[in-house]
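Q: got a predicted model here, sequence first, then my questions.
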Amino acid sequence: MKKTLSAAFIVAALSVTSACGGDDGGDRPSKSELTDQIVKSSDGALTKKQADCAAEAILDSDLSDEAIKAVAEGDNDFEPSKDDEKAQGDATTAITKCLTP
């Protein structure tokens, strides 16, 4: 059950924080920054290994740098661009693989 809840958390995080495209030069967060935020936001439901995998999947995705930064900062106020909405599906699929045995 925890893994299902964890997958739901990541999907929800991507849904809310897939930020606008057209980033004006914001710094792309590191894998470590993403991992830390994912673990923190999951309230311990994810292991560090799962969060590392999810962070890598996010960084490897086509999500904009601004969207990735929003995930790393736990910022829920961004609205997704059309490009980020498209990229979100692939990222979610990759992240779900991180959370399933």
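A: In hand now; what should we look at?
Q: so in the protein, which helix runs the longest?
A: helix 82-99 (DSSP state H).
Q: show me what that one is packed up against.
A: Other elements packing on helix 82-99 under the criterion 3 or more CB pairs under 8 Å, 6 or more residues apart in numbering; DSSP states H and E are helix 2-17, helix 48-60. Yep, even glycine has a C-beta here, placed from its N, CA and C like the rest.
Q: buried residues, the following helix or strand past the longest one. List them.
A: From helix 2-17 onward toward the C-terminus, using DSSP states H and E, the following helix or strand is helix 31-41. Residues of helix 31-41 classed as buried: 33-39, 41 (neighbour count, 16 or more other CB atoms under 10 Å).
Q: what's the closest of those to L63?
A: Nearest to L63 among those: L34, at 10.9 Å, using CB to CB.
Q: count of neighbours near R28?
A: Residues contacting R28 under the criterion other CB atoms under 10 Å number 14.
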